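[1] Below is the sequence, then the predicted model.
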Amino acid sequence: MMPAVGKLLRDRRRVLWCEYYPGLVLGVAALLDYLIGDPWSWWHPVQGMGWVISRYTQLAFKWLKTPLALRWAGVGLGIGLILGSGWVGWLTVAIAHSIHPLVGGAIASVLLASCFAGRSLRDAAEDVLRPLQGGNLAEARSRLSRYVGRDTENLSEAEILRAILETVTENATDGILAPLFYAIVGTAILGVEGVSLALAYKAASTLDSMVGYREAPYIDLGWFSARVDDGLTWLPCRLVVLTLSLLSGKPRYVWKLCLRDAPKDPSPNSGWSECVYAATLGVQVGGTNWYRGIAKHKPLLGEPLHPITPKDVDRATRLTRYCCLIWLAGAIASYGLV
């Protein structure tokens, strides 16, 4: 009789673990990112992805001389790294699970947390705002140069604040919310480890940031990576717009501004991501930026109801956090119903 009771209790524990495991992994991963982020001294999966991309790119440019060959090499790089990253994530978690379910859950949570950049974005913003609010404009410019590609030597305080807000809002989607979206989809809908799809998306995003440029020498090698990243980011970006417009309390106004301004941006996603934050905050982003001495004009997004302030940057990071919490709550609730 006692062995039967023991077996029943063990079976019940397994059922409970299976029911709550996806939500626990998502929740722990989000908490790890919020509390710890990505310490500089720790190895990060993106470093491995970056090494592969860099090495592959060097070999491609060395041995392939025609545009067609480089385009096919770009297809191979994109498919190989995206699928390979997802497979490595799945295999790592599977091996950890074979040791013990708790080990598997811990490894899955850590890997998934590495796909989020919430703490990193928040720390970057605070790193620049600190000297700016202290009146040290030169130091603020110097620190900003670590996080943006534009020239920062001659930026005014208003331009520094715009640069911080644009960085925080543009990267909110591809650095935080899109990986979270694919983690949720991977677990709830496809029945696979969410970390696998999140890592696959992270690979696509890393490819785009390293080779997805519409300028030499990456035009041919990076075209596939740029289009895949645009396609994978399209749906989560629109869900971000929907969520933030509802959070703003003025969804029709926010959507109207986004429909008016976001399509002006050449990117199918970054303009929407920046615009929804600008519309919600009542500020305007975009304008002239300088890159290695060359002026480039970005479309104006939103209405300048008031100048950008440090409080707006803080509000933007909080909006991203609220969006994450809403998505997490919805996902965990749906797991409980499945």
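    That came through, no problem.
[2] how about the helices in the protein?
    In the chain, the helices defined using DSSP state H lie at 2-35, 45-63, 67-99, 101-114, 118-133, 137-144, 157-172, 178-188, 194-211, 223-248, 251-261, 270-281, 310-337.
[3] lowest-confidence helix or strand of this structure?
    The least trusted helix or strand in the chain, going by mean pLDDT, DSSP states H and E, turns out to be helix 2-35, with a mean of 65.
[4] Just the CA trace of stretch 266-285, in PDB.
    Taking C-alpha atoms only, stretch 266-285 is exported to PDB below (Å, rounded to 0.1, in the frame of the first residue of the first chain):
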ATOM      1  CA  PRO A 266      13.300  52.900 -44.000                       C
ATOM      2  CA  SER A 267      13.200  50.100 -41.400                       C
ATOM      3  CA  PRO A 268       9.900  48.200 -41.200                       C
ATOM      4  CA  ASN A 269      10.200  47.900 -37.500                       C
ATOM      5  CA  SER A 270      12.500  50.400 -35.700                       C
ATOM      6  CA  GLY A 271      10.400  53.300 -36.800                       C
ATOM      7  CA  TRP A 272       7.300  51.700 -35.200                       C
ATOM      8  CA  SER A 273       9.200  50.900 -32.100                       C
ATOM      9  CA  GLU A 274      10.500  54.400 -31.600                       C
ATOM     10  CA  CYS A 275       7.300  56.100 -32.700                       C
ATOM     11  CA  VAL A 276       5.000  54.300 -30.200                       C
ATOM     12  CA  TYR A 277       7.200  55.300 -27.300                       C
ATOM     13  CA  ALA A 278       7.400  58.900 -28.600                       C
ATOM     14  CA  ALA A 279       3.600  59.100 -29.100                       C
ATOM     15  CA  THR A 280       3.000  57.700 -25.600                       C
ATOM     16  CA  LEU A 281       5.500  60.000 -23.900                       C
ATOM     17  CA  GLY A 282       4.400  63.100 -25.900                       C
ATOM     18  CA  VAL A 283       7.900  63.800 -27.400                       C
ATOM     19  CA  GLN A 284       9.500  63.700 -30.800                       C
ATOM     20  CA  VAL A 285      12.500  61.700 -31.900                       C
END
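[5] For stretch 71-88, give the mean pLDDT please.
    The pLDDT scores in stretch 71-88 average 96.
[6] Now that stretch: buried residues?
    Neighbour counts using 16 or more other Cβ atoms under 10 Å place 71, 72, 73, 74, 77, 78, 81, 82, 85, 86, 88 of stretch 71-88 among the buried residues. C-beta here means a position set from N, CA and C on the backbone, and glycine is covered the same way.
[7] What distance do you get for residue 309 to residue 302?
    Distance check for residue 309 against residue 302: by Cβ to Cβ, to the nearest Å, it reads 14 Å.
[8] which one of those two has more residues nearby?
    residue 302 (24 against 14; other Cβ atoms under 10 Å).
[9] how about the nearest residue to that one, chain neighbours excluded?
    Distances taken as Cβ to Cβ, 6 or more residues apart in numbering place residue 278 nearest to residue 302, at 3.0 Å, with adjacent residues excluded.
[10] residues touching that neighbour, list them.
    165, 169, 257, 284, 285, 301, 302 (Cβ atoms under 8 Å, 6 or more residues apart in numbering).
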